[in-house]
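Asker: Sequence plus the predicted model coming up.
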Amino acid sequence: MRLVFMGTPDFAVPSLQALLDAGHEIAAVYTQPDKPQGRKQILTAPPVKELALRHGIPVYQPGTLKSEEEQARLRGLAPEAIIVAAYGKLLPRAVLEIPPRGCINVHGSLLPRWRGAAPIQWAVIAGDPVAGVTTMQMAEGLDTGDMLLKYETPIGARETAGELFDRLAAAGAALLVETLAQLDTIVPQPQEEAQSCYAHMLDKQMAVIDWSKSAREIDCLIRGLNPWPVALTTLDGARLKVFAAEVVSGSGAAGAVLESDPKKGLLVACGTGALRLCEIQRVGGKRMRDTDFLRGHSVEKQTVLGE
């Protein structure tokens, strides 16, 4: 099938590769403009662009798809369908109406739950038992189109958002190829609005740990914010990133250190239960296990984190 592919981050790369492997003709790739990244603000191409260029596929990076010029170029490409995977822009009605087979989106959640920008992270943060991928026929709203196929998988008890992201990116690619193969026979299913919720973009403000919450809630937050922006607290006034934790038994004042031992680790009381902070990083220091951290740093019991 002759396709135009629209995608930007790592999540979209397996989908583009799977389409190429399945023998589909990719007329062009649309992706977000190159952006400065890192401390040195080096102009960096999106991962999808890098893959497209390796395969000699034309790449377009318009700031908007609302202009008549951009829409004319899309029509000139004559795609049978447009495939969208984490592109980062809403498609206007005029674009949705260009391909005769429609615009098909690969979304990293079990729609209608977790529409929006960060569905995988929010599934972990919310403590959902399962996550998944949905392919859908795109409509004008944000992830509101009729659903085509779904893939569902349990979220591991210790799984981070980053680990789940990689699994679902691969699963989404396979689901996309299956969707295109069955496109003539799939009966689209409308979404139930009453079951919908939105996964807004992550930001650094939400990374600050509220120790009055339960150990399970905080553990889900820590896993959901790994690898970015990473859960954060303070220890003796210095910022402390928490990459991994483990729910343990214990009680005390919220945020108080219950155990600080190079052999037993760093245990902190929560609103309900307690957490062992298994992997941490002090500002200016290295990321390390709590036991290694405590060999070089003395932390008094009853020290309160977050103050």
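Answerer: Now that the structure is in, tell me what you want to look at. Computed from a prediction, not measured in an experiment: that's the story for all the values here.
Asker: Where do the helices of the stretch 151-300 of the chain begin and end?
Answerer: With DSSP state H, counting those that start in this stretch, the ranges of helices along the stretch 151-300 of the chain come out as 161-181, 215-224, 290-296.
Asker: Which strands or helices does the longest one pack on?
Answerer: Put plainly, it is helix 161-181. Judged by 3 or more CB pairs under 8 Å, 6 or more residues apart in numbering; DSSP states H and E, helix 161-181 is in contact with helix 13-21, strand 81-85, strand 103-107, helix 119-125, strand 130-137, strand 147-154. Bear in mind the C-beta positions are built from the backbone N, C-alpha and C, glycine included.
Asker: what residues are up against Val242?
Answerer: Residues near Val242 by CB atoms under 8 Å, 6 or more residues apart in numbering: 209, 222, 230-233, 277, 279-280.
Asker: How about it: what's its closest non-neighbour residue?
Answerer: Leaving out its chain neighbours, the residue that sits closest to Val242 by CB to CB, 6 or more residues apart in numbering is Ala231, at 4.5 Å.
Asker: what about that neighbour, distance to Ile125?
Answerer: Remark: distance between Ala231 and Ile125 (CB to CB, to the nearest Å) = 10 Å.
Asker: Neighbour count: these two, which is higher?
Answerer: Using other CB atoms under 10 Å as the criterion, Ala231 and Ile125 rank with Ala231 on top: 24 against 20.
Asker: which ones are touching the more buried one?
Answerer: By CB under 8 Å, 6+ apart, the neighbours of Ala231 are 207-209, 218, 221-222, 225, 241-243.
Asker: among the residues you listed, which are in strands?
Answerer: 241-243 (DSSP state E).
Asker: Quick check: Met6 is in a strand.
Answerer: Yes: assessed by DSSP: H, G, I helix; E, B strand; the rest coil, Met6 belongs to a strand.
Asker: which residues touch it?
Answerer: Applying CB under 8 Å, 6+ apart to Met6 gives the contacts 29-31, 82-85, 87, 89, 91.
Asker: now, among the residues you listed, which is nearest to Ala161?
Answerer: Using CB to CB, the shortest approach to Ala161 within the contacts of Met6 belongs to Ala85, at 17.5 Å.
Asker: Could you report the neighbour count for the residue nearest to Val304 when sequence neighbours are not counted?
Answerer: Spatial nearest neighbour of Val304, excluding adjacent residues (CB to CB, 6+ apart): Gly255 at 4.6 Å. Per other CB under 10 Å, the neighbour tally for Gly255 reads 20.
Asker: Which pLDDT value does the model give Gly255?
Answerer: Gly255 carries a pLDDT score of 98 in this model.
Asker: List the residues that contact it.
Answerer: Listed by CB under 8 Å, 6+ apart, the contact partners of Gly255 are 211-212, 233, 268-270, 304-307.
Asker: now with 7 Å?
Answerer: Contacts here follow CB atoms under 7 Å, 6 or more residues apart in numbering; on that basis Gly255 touches 211, 268-269, 304-306.
Asker: Let me see the ranges of the strands in the stretch 201-307 of the chain.
Answerer: Under the criterion DSSP state E, counting those that start in this stretch, the stretch 201-307 of the chain contains strands at 231-235, 238-248, 257-261, 265-269, 274-282, 288-289.
Asker: Can you add distance to Asp146 and give the ones you listed back as JSON lines?
Answerer: Output for these, formatted as JSON lines (distance: least, CB to CB, whole Å):
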{"stretch": "strand 231-235", "distance to Asp146": "37"}
{"stretch": "strand 238-248", "distance to Asp146": "39"}
{"stretch": "strand 257-261", "distance to Asp146": "51"}
{"stretch": "strand 265-269", "distance to Asp146": "46"}
{"stretch": "strand 274-282", "distance to Asp146": "42"}
{"stretch": "strand 288-289", "distance to Asp146": "48"}
